[in-house]
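**Student:** what's the 3D shape of this:
(4 chains)
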Protein chains: 2
Amino acid sequence: MSSQVTDLRGIELEAWINFLRAHAAVTRQFNAELLATHGLTINDFDVLAQLSRAPENALKRVDLAESVLLTPSGITRLLKGLEEAGWVRNRPCAEDARVTYAVLTPAGKRKLGEARKTHVASVRALFSERFEQDELETLASLLERLPLRDSSCD
Amino acid sequence: MSSQVTDLRGIELEAWINFLRAHAAVTRQFNAELLATHGLTINDFDVLAQLSRAPENALKRVDLAESVLLTPSGITRLLKGLEEAGWVRNRPCAEDARVTYAVLTPAGKRKLGEARKTHVASVRALFSERFEQDELETLASLLERLPLRDSSCD
DNA sequence: TGCTAATATTTGCGTACTCAATAGTTGAGC
DNA sequence: GCTCAACTATTGAGTACGCAAATATTAGCA
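**Tutor:** Below is the predicted model:
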């Protein structure tokens, strides 16, 4: 009978539960903020950011899905919104008619630029308010191990 | 031009992005697993677990909302499902007719017991597979600082 | 060349949320 | 005792997904 209160349910559970709570709280805040200020969701922002970093500002849907961790169908619908807003354009692929690239438009680039200013500042503020530099590094590197691409086996 | 690749966007962003990816990957897996095995979502499970830990296995909706970080309306709808399944029952409050308690039924307790076995094992497995004991403690304590109840000011 | 398996994307259907508006209840001040 | 602000809970409307099935297209192989 150890007396560490936090250990009642095991440290893994403790970490997992804190993780869930933290995510709910933080994403709710950032989403509301981003939506109010720029009309974007976190994932919208994320997709725009991915595109801006890609060669020619273009990415296949599949790759986009993998990099922001949405399903392909999620990407389709998310992109539909961005297309209607004029921030992203479709470009068919010459070699393979199955794939269509999503391309960041100049308007999309501008939009991202505006949103980035406030959103990145918020993220910085929230995280650096609560953590020291070395803690952030620790946190980032620990979290990096989680998203496990479904490895090996069955 | 520093050459730390991960620092290109600042360590806060790095941590935040890893956080989002980790959450998407892990919750998707756990949710699918929990749903396939027991017909529960993570939040269903979480609510049942909260109730089981409460005195008399009963909690007000408001408190439930706060502890699992859903909005009150989210709680209402989630509980509706659990009630229909017979795992939770409503109990009006004698002193204050506004509040209704959610009470865990014996069936709900059994259900939680079954689900806990597999779910907790999964969580343990996933986390302890990737982290050492002391890393888990670090992770848990870092994450604990994030969910900030909206403090002070405006 | 024709058949089959794999891949890229979209669509149908269902679910889990959120926010804003509502209804019912309580308590505080006059 | 009545009125109004504060609180609890629900409902309406809308959104952001996921999974599984459907649709194209490509590639491997006989």
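**Student:** So for chain A, which residue is the most central one in space?
**Tutor:** Of all residues in chain A, the one closest to the mean position by C-alpha atoms, centre = their mean is A:Asp46, 4.7 Å from it.
**Student:** That one reaches A:Val68, doesn't it?
**Tutor:** Yes - shown here, A:Asp46 and A:Val68 form a contact pair, counting by C-beta atoms under 8 Å, at 4.9 Å. To be clear about C-beta, it is placed using only N, CA and C from the backbone, and glycine gets the same treatment.
**Student:** that older thread, what helix or strand is the residue nearest to the centre of chain A on?
**Tutor:** With elements taken from DSSP states H and E, the one containing A:Asp46 is helix A:42-53.
**Student:** Buried residues of that helix, list them for me.
**Tutor:** Along helix A:42-53, the positions that meet the burial threshold by neighbour count (16 or more other C-beta atoms under 10 Å in any protein chain shown) are A:42-51.
**Student:** what are the C-alpha coordinates of it, in CSV please?
**Tutor:** Presented in CSV, the C-alpha positions along helix A:42-53 are these (Å, rounded to 0.1, in the frame of the first residue of the first chain):
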residue,chain,number,x,y,z
ILE,A,42,-7.1,24.3,-35.5
ASN,A,43,-7.1,21.7,-38.2
ASP,A,44,-7.8,24.3,-40.9
PHE,A,45,-4.8,26.2,-39.7
ASP,A,46,-2.7,23.1,-39.5
VAL,A,47,-3.5,22.2,-43.1
LEU,A,48,-2.7,25.6,-44.4
ALA,A,49,0.6,25.5,-42.4
GLN,A,50,1.5,22.1,-43.9
LEU,A,51,0.8,23.3,-47.4
SER,A,52,2.8,26.5,-46.9
ARG,A,53,5.8,24.3,-45.9
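**Student:** near DNA strand C, anything from that helix?
**Tutor:** No - applying C-beta under 7 Å from any atom of the strand, one finds helix A:42-53 out of contact with DNA strand C, separated by at least 12.4 Å.
**Student:** packing partners for the helix or strand following that helix?
**Tutor:** Following helix A:42-53 in sequence order, the next helix or strand is strand A:58-60 (DSSP H and E). Strand A:58-60 is packed against helix A:42-53, strand A:100-104, with contacts defined by 3 or more C-beta pairs under 8 Å, 6 or more residues apart in numbering or on different chains; DSSP states H and E.
**Student:** can you do 6 Å?
**Tutor:** Of the remaining helices and strands, those touching strand A:58-60 by 3 or more C-beta pairs under 6 Å, 6 or more residues apart in numbering or on different chains; DSSP states H and E are strand A:100-104.
**Student:** For chain A, what lies in contact range of DNA strand C?
**Tutor:** Selection of chain A residues close to DNA strand C by C-beta under 7 Å from any atom of the strand yields A:24, A:28, A:32, A:60-62, A:72-73, A:75-77, A:79, A:90, A:96, A:98-101.
**Student:** so which of the residues you listed also contact DNA strand D?
**Tutor:** Applying C-beta under 7 Å from any atom of the strand, the subset of those adjacent to DNA strand D comprises A:72-73, A:77, A:96, A:98.
**Student:** Just give the number of residues close to the closest residue to A:Thr71 other than its chain neighbours.
**Tutor:** Using C-beta to C-beta, 6 or more residues apart in numbering or on different chains and skipping residues adjacent in sequence, the residue nearest A:Thr71 is A:Ala65, 6.4 Å away. The local packing count at A:Ala65 equals 19, with neighbours defined by other C-beta atoms under 10 Å in any protein chain shown.
**Student:** name the element A:Ala65 belongs to?
**Tutor:** Counting by DSSP H and E, the element that carries A:Ala65 is helix A:61-68.
**Student:** buried stuff in that helix?
**Tutor:** For helix A:61-68, the buried set under the neighbour-count rule, 16+ other C-beta under 10 Å, comprises A:61, A:63-65, A:67-68.
**Student:** moving C-terminal of that helix, what's the next helix or strand?
**Tutor:** Helices and strands here follow DSSP H and E; after helix A:61-68, the next one along the chain is helix A:72-84.
**Student:** ok, that following helix near chain B or not?
**Tutor:** No - using C-beta under 6 Å from any C-beta of the partner chain as the criterion, no contacts between helix A:72-84 and chain B are found, and the smallest distance is 10.0 Å.
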